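Novice: Predicted model and sequence below, questions to follow.
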Amino acid sequence: MSIHALCSPALRRALVAAAAILPLAYPVFAGEPVKKGSIEVSQVWARATAQGQANGAAYMTIRNHGEADRILRAEAGVSRKVELHTHQIDAQGVARMIEIPAIELPAHTTVELKPGGLHIMFIGLKEPLEAGKRFPLKLVLEKAGEIPLEVEVRATSGGAMGGQGQEHGHKHGQTH
Ligand SMILES: [Cu+2]
């Protein structure tokens, strides 16, 4: 059956409109979840950075379908150093980033790395993270082992995810 035979002109216009919208929606679903053992990683992205910006961060959703595990470290070539970070509220009530030795993945839970919370931190970017580009990132887990990922760089200027845009404004203690 052809669409032509079935549809009224109005419905056909609606289908054409829907087809036009799909390519725009596609990047949200781009990148199949990556599975390794009982770990499933999806929605791996990084915020685009400005020229001269020293540091960047990546976020993702991690589902653990099995026993407790933990991320021991992350590796990427985009920066001189890659750290595991979270945010902590200081005595003045200000959220600050701190490095942590591991990201815990409790049994049968979903852990979200997101702006204002846990994240993978790229210290000393070799070049800006440009929106639309992708780069490799490897997680090393205690039990699941190495999980190679691809990070999608997203523009966030004025975007819904830019709410905690100041999070990377503070200075890191070390210089390299
Ligand atoms: Cu950080």
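Specialist: Looks like it arrived, so ask away.
Novice: alpha carbons only for contacts and neighbour counts from here, please
Specialist: Noted.
Novice: outside of stretch 65-77, which residues touch it?
Specialist: 38-40, 82-84, 101-109, 120, 136-144 (CA atoms under 8 Å, 6 or more residues apart in numbering).
Novice: Which among those residues count as buried?
Specialist: Buried positions within the contacts of stretch 65-77, assessed by neighbour count (16 or more other CA atoms under 10 Å), are 38-40, 82-84, 102-103, 105-106, 120, 137-141, 144.
Novice: Out of those, name the ones that lie in strands.
Specialist: Mapping these onto strands (DSSP state E) picks out 39-40, 82-84, 103, 105, 120, 137-141.
Novice: Run through the strands of this structure in chain order.
Specialist: 34-36, 39-47, 55-64, 69-75, 79-89, 95-99, 103-105, 109-113, 119-125, 134-141, 145-154.
Novice: Columns mean pLDDT and distance to the ion on top of these, output as a markdown table?
Specialist: Shown next, in a markdown table, are the strands of the chain (pLDDT from 0 to 100; distance: least, CA to the ion, whole Å):
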| stretch | mean pLDDT | distance to the ion |
| --- | --- | --- |
| strand 34-36 | 96 | 23 |
| strand 39-47 | 97 | 12 |
| strand 55-64 | 98 | 6 |
| strand 69-75 | 98 | 13 |
| strand 79-89 | 97 | 5 |
| strand 95-99 | 94 | 5 |
| strand 103-105 | 98 | 13 |
| strand 109-113 | 98 | 11 |
| strand 119-125 | 98 | 5 |
| strand 134-141 | 98 | 16 |
| strand 145-154 | 97 | 16 |
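Novice: Thanks a lot, see you next time.
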